[in-house]
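Q: Pasting the sequence and the predicted coordinates here, then a few questions.
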Number of protein chains: 2
Amino acid sequence: MVGVKNKQVVLKEYVSGLPKESNFQLVEGSIELKVPEGSNQILLKNLYLSCDPYQRIMMSKTDVSKFGAYTLGAPIHGYGVAKVVESGHPDYKKGDLVWGYVIWEEYSLVPSTQIHFKIENTDVPLSYYTGILGMPGMTAYAGFYEIGSPKKEDRVFISAASGAVGQLVGQFAKHLGCYVVGSAGSKEKVDLLKNKLGFDEAFNYKEEPDLDAALKRYFPEGIDLYFENVGGKTLDAVLLNMRIHGRIPVCGMISQYNLDRPEGITNLAQIILRRIRMQGFSVHDHYHLYPKFLEFILPLIKQGKMIYVEDVVEGLENGPAALVGLYTGRNFGKQVVVIARE
Amino acid sequence: MVGVKNKQVVLKEYVSGLPKESNFQLVEGSIELKVPEGSNQILLKNLYLSCDPYQRIMMSKTDVSKFGAYTLGAPIHGYGVAKVVESGHPDYKKGDLVWGYVIWEEYSLVPSTQIHFKIENTDVPLSYYTGILGMPGMTAYAGFYEIGSPKKEDRVFISAASGAVGQLVGQFAKHLGCYVVGSAGSKEKVDLLKNKLGFDEAFNYKEEPDLDAALKRYFPEGIDLYFENVGGKTLDAVLLNMRIHGRIPVCGMISQYNLDRPEGITNLAQIILRRIRMQGFSVHDHYHLYPKFLEFILPLIKQGKMIYVEDVVEGLENGPAALVGLYTGRNFGKQVVVIARE
C-alpha cells in the first residue's frame, strides 16, 4: 500500500492560558488516496480551514464541554471546505465540494455520517463556506433572528463585532432597521465597522477605561439586544445598560476561554430587574434553517448588500499561528487558512 | 378635622447590609376615616401585610431598580389585603375586600388607580391573598409555566423552596409530573418539603460544603429547570449541573440583596455549552393571567391538592421583625403580618 504525503497539524500538548504556536506541530503522515473496498467512507482533499474561537475549548485537557477535547498527537479538526476525491457513499461523488467537519491535514478519509453540506453555489468565493455561507453565517443568522427576537428600531450592541459572526450580526441588524453599535479591539477594526460595514457607531474597547460609561454614551436609552461574543467585563457592563425585556443571545465568551478561572459576573441581578432573557445557543440546533438562510443571504451577497471581510492565510504550515491569533485579536475579519484552492 | 389614630411602620434610615428591626420605627399618625368630597380615592382598612424579598431593594438609598426606594420617615409599602371603608370610585364599594398595593399602616387613603384585585372568593383564608392567591402565587405560576417551559418528567430544582414562591413552584412541578428537589436553610424546612409538600428530595444548603456535589447527588443526569430564588453560590453550582436546553427562570437572588458588592458568577459560559435559557421576569407582565390562574388553583386548594404554609405574625408592631427575618430565613413558609382580621 503506497500512499502520498499528508501534512497534518497536531496538538503537541494541552493548553493552559493563551494558546501558542508551539502548542502545535506540523507533521507529515501518509495516506492512500483510495476509499477501502466495501467502505462507505469519503476521501476528501481539504481546501479551506476555518479558525473558530470554540476550538480553544478543545485544546484544554479538562474538557469542560464534554464534547471532546483534541487528542494529543492527532491532527486537530474543525470546520472547512473540501473536495471529494473518491466516495464510497451514494450521496457524494468525485468532484463534489462540501463544507462541514474537516481535519487539519491535506487529505482525510472520513465517515459519510459526518455533517457535510454539499456546496451548490460556486459563483461566490469558496472560502465563504468557512464564514458567511458556513457555520459562522448560520450562527449569526440563528443567534440574531431565532434567539434574539429582534425588532425594527431595536438598539443593538455587538461585541467582537468585526469577527466572523459579529460582522454579519451587525449587517443583519442594519438590514432590519436597527441602531447598531459594535466594539472591537483596534482602530482599524472600528474604522471597518463604521466605514465599510455600515454600523452606526463603533468603539475600541481597549481604549475605554470605563465600559459602562462607553455604553451609556452610545446607548443613552439602553440596549434592547446584546449579541454576546466575549463575556467578562463587557457582559458585566452591558447588564447595567440593558432595557426592560432586553435579550442577550450568548454566542461565545472568547475573553474567558484562556483563563484558568473565569472572571466573576457581578451584575446578574439586573436580569430580574430588567426582565432580561439571556440564552446560550449552538448552531447545531439550527442547521435545518440552512436552505432558508441561503435563500436569504445569497441574493444579498450578489447584490453587494452584504459584505464579508476575511483574513486569509496561505498554507497549512501557517495554520497554528492563524488559529492562536484569534485569541489576541490578530485577525482582521474571518480567519481562514488555505491548504489548496481546488 | 378630627381623625383616628393610625399606627404606621416607617423606614428610619437607609439600609446597607442585612436590614435590622432598628432600621424601622413604629409611629402614630392620625387619619380622618373619610374620602374627601369629590375625590375618587379609596379609604382602606389594612388587614394582612405581605413580607416579600423584593422589599429589600427599596430599603437601599441607591435605588438599583429605578423603581423607587422607600422614602425616609414615610410608611413603607408592599402587597397586602385590605377592606374598603369608603370609596370615591364606582368600581369599589364599602365592605369590598381587595388585595394589591398596601401601605404599612392601619388605614390608608389611596388613589383608585393603584393595582387592586377585588377578592371574590372568601371561602379560603383571607391571608392567602398575600401568598398563594396573590402576588407570590402569580409569580410562581408565571415563572414556572410561562417562563420555565416545563415538561412532564423534567428534573426540577428550586432554591428557597419552602418560601412563599418556592413551595408553590415545587407543588406545580409535582402536579405536572416532574422530579422535584428543593433546597432550604433548616432541617425543619427540609422535612416540610419532603413530608408535607410532596417534594421528591430536599436538602439543607447550609450543611452542604460542596453544592456542586450535592446537586450531582440529587441530579445525576442534570437539571432541566432551575427555579432561581437565591443567586450567588447556588447559581454557580447549578450552572455546572444543567442539562442541554435547560431553563432558568430568574425570580429572585435573595442571597445577594444585602451585599455591597454581589458575588461573581464564574460558570456563566455553561450557558453556551449547555444552551441554557436564563430569563428574569416580573409578575407585573403576567397579571392578565390572574383569572386563568384562579380557575387552576382554587379547585386544587379546595380539594386539598395544593397546600400553603404561612408564618403568621400578629400586630403591625411586629412587622419590622417579620420583614427583616426574611433575609436570614427566620420565616417558615410565607411571612404574613396581621394588622386586623376584618
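A: Received the coordinates, thanks. Since this is a predicted model, take the numbers as computed values, not measurements.

Q: Can you check what pLDDT the model gives the residue of the stretch 151-300 of chain A found nearest chain B?
A: Shortest the stretch 151-300 of chain A-to-chain B distance, computed as CB to the nearest CB: residue-wise this is A:G264, at 1.4 Å. Where C-beta positions appear, they are placed from N, C-alpha and C, glycine not excepted. Here, the pLDDT recorded for A:G264 equals 95.

Q: What about it? Give its phi and psi, please.
A: Backbone dihedrals for A:G264, given as degrees, to the nearest 10, come out at phi -80, psi 140.

Q: which bits of chain A sit near chain B?
A: The interface of chain A toward chain B, taken as CB under 8 Å from any CB of the partner chain, is made up of A:57, A:64-67, A:231, A:235, A:250-253, A:256-257, A:261-282, A:285.

Q: Mind checking which of these land in helices?
A: A:I57, A:L235, A:Q270, A:I271, A:I272, A:L273 (DSSP state H).

Q: Just give me the least confident of the residues you listed.
A: Lowest pLDDT among those: A:I57, with 89.

Q: Number of residues surrounding it?
A: 20 (other CB atoms under 10 Å in any protein chain shown).

Q: Tell me how far it lies from A:Y257.
A: Distance check for A:I57 against A:Y257: by CB to CB, to the nearest Å, it reads 6 Å.

Q: hmm, back to that, contacting residues for the closest residue to the residue of the stretch 151-300 of chain A closest to chain B other than its chain neighbours?
A: Once flanking residues are discounted, A:G264 sits nearest to B:G264: 1.4 Å by CB to CB, 6 or more residues apart in numbering or on different chains. Residues in contact with B:G264 (CB atoms under 8 Å, 6 or more residues apart in numbering or on different chains) are A:E263, A:G264, A:I265, A:T266.

Q: Select from the residues you listed the one having the most neighbours.
A: The residue in these with the most neighbours, by other CB under 10 Å, is A:I265 (22 neighbours).

Q: who are the neighbours in contact with that one?
A: A:I265 makes contacts with A:G231, A:G232, A:L235, A:D236, A:L239, B:G264, B:I265, B:T266, B:L268, as judged by CB under 8 Å, 6+ apart.

Q: Quick one: these as JSON lines, columns for distance to B:L26 too.
A: Output for the contacts of A:I265, formatted as JSON lines (distance: CB to CB, whole Å):
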{"residue": "A:G231", "distance to B:L26": "48"}
{"residue": "A:G232", "distance to B:L26": "47"}
{"residue": "A:L235", "distance to B:L26": "44"}
{"residue": "A:D236", "distance to B:L26": "41"}
{"residue": "A:L239", "distance to B:L26": "38"}
{"residue": "B:G264", "distance to B:L26": "39"}
{"residue": "B:I265", "distance to B:L26": "39"}
{"residue": "B:T266", "distance to B:L26": "43"}
{"residue": "B:L268", "distance to B:L26": "43"}
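
Q: low pLDDT regions in the stretch 101-250 of chain A?
A: Low-confidence segments of the stretch 101-250 of chain A, defined by pLDDT under 70, are located at A:115.

Q: ranges for the helices of it?
A: A:135-141, A:166-176, A:187-191, A:211-218, A:232-239 (DSSP state H, counting those that start in this stretch).

Q: Dump these into TSV; add mean neighbour count as well.
A: Formatted as TSV, those follow (neighbours: other CB atoms under 10 Å in any protein chain shown):
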stretch	mean neighbour count
helix A:135-141	25
helix A:166-176	25
helix A:187-191	17
helix A:211-218	17
helix A:232-239	21
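
Q: between the lengthiest helix in chain A and helix A:166-176, how many degrees?
A: Secondary structure assigned by DSSP H gives helix A:290-302 as the longest helix of chain A. Counting by axes from the mean of the first three to the mean of the last three CA atoms, to 10 degrees, helix A:290-302 lies at 80 degrees to helix A:166-176.

Q: Identify each buried residue in helix A:290-302, please.
A: When burial is assessed from 16 or more other CB atoms under 10 Å in any protein chain shown, helix A:290-302 yields the following buried residues: A:Y290, A:F293, A:L294, A:I297, A:L298, A:I301.

Q: Pretty sure A:L298 sits against A:V124.
A: Yes: using CB atoms under 8 Å, A:L298 is in contact with A:V124, at 7.5 Å.

Q: So for stretch A:143-158, what gets flagged as buried?
A: Residues A:G143, A:F144, A:Y145, A:I147, A:G148, A:P150, A:D154, A:R155, A:V156, A:F157, A:I158 are the ones in stretch A:143-158 that count as buried (16+ other CB under 10 Å).

Q: for A:Y128, what are its contacts?
A: A:G134, A:I301, A:Y308.

Q: Name the nearest of these relative to chain B.
A: The closest of the contacts of A:Y128, once distances to chain B are taken by CB to the nearest CB, is A:G134, at 18.9 Å.

Q: bridging residues for the closest residue to that closest one other than its chain neighbours?
A: By the measure of CB to CB, 6+ apart, the closest residue to A:G134 outside its immediate chain neighbours is A:W99, 5.2 Å from it. A:W99 has these beta-bridge partners by DSSP bridges: A:V81, A:F117.

Q: Pull the number of nearby residues for A:W99.
A: Neighbourhood size, A:W99 [other CB under 10 Å]: 24.

Q: Now the two most distant members of the contacts of A:I265.
A: Within the contacts of A:I265, two members stand farthest from each other by CB to CB: A:L239 and B:T266, at 15.2 Å.

Q: My read is that A:K94 contacts A:S87, right?
A: Yes: using CB under 8 Å, A:K94 is in contact with A:S87, at 6.5 Å.

Q: more crowded one of these two?
A: When neighbours are counted by other CB under 10 Å, A:K94 and A:S87 differ, and A:S87 comes out ahead with 19 against 10.

Q: Starting from A:K34, give me the distance back to that one.
A: Relative to A:K34, A:S87 is positioned 11 Å away (CB to CB).

Q: Save the buried residues of helix A:290-302 as TSV, and put in pLDDT too.
A: Shown next, in TSV, are the buried residues of helix A:290-302 (pLDDT from 0 to 100):
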residue	pLDDT
A:Y290	97
A:F293	98
A:L294	98
A:I297	98
A:L298	98
A:I301	97
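
Q: Need the residues you listed in JSON lines (columns: distance to B:S39).
A: Formatted as JSON lines, those follow (distance: CB to CB, whole Å):
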{"residue": "A:Y290", "distance to B:S39": "64"}
{"residue": "A:F293", "distance to B:S39": "60"}
{"residue": "A:L294", "distance to B:S39": "65"}
{"residue": "A:I297", "distance to B:S39": "62"}
{"residue": "A:L298", "distance to B:S39": "66"}
{"residue": "A:I301", "distance to B:S39": "66"}
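
Q: Which single one of the residues you listed is nearest to B:G325?
A: For those, the minimum distance to B:G325 (CB to CB) is 54.9 Å, reached by A:F293.

Q: For A:Y257, give its distance to B:V283.
A: A:Y257 is 37 Å from B:V283, by CB to CB.

Q: A:V9 now?
A: 54 Å.

Q: A:V230 now?
A: A:V230 is 33 Å from B:V283, by CB to CB.

Q: again with A:G280
A: Taken as CB to CB, the span from A:G280 to B:V283 is 25 Å.

Q: Tell me which of the two has more neighbours.
A: A:G280 (28 against 22).

Q: Bridged to the more buried one, which residues?
A: Under DSSP bridges, the beta-bridge partners of A:G280 are A:V250.

Q: before we move on, what about A:L44?
A: A:V84, A:S108.

Q: is it true that it touches A:E105?
A: No: A:L44 lies out of contact with A:E105 (CB under 8 Å); the separation is 9.6 Å.

Q: So which bits of stretch A:109-123 are buried?
A: By neighbour count, with 16+ other CB under 10 Å as the criterion, the buried positions of stretch A:109-123 are A:L109, A:V110, A:S112, A:Q114, A:H116, A:F117, A:I119.
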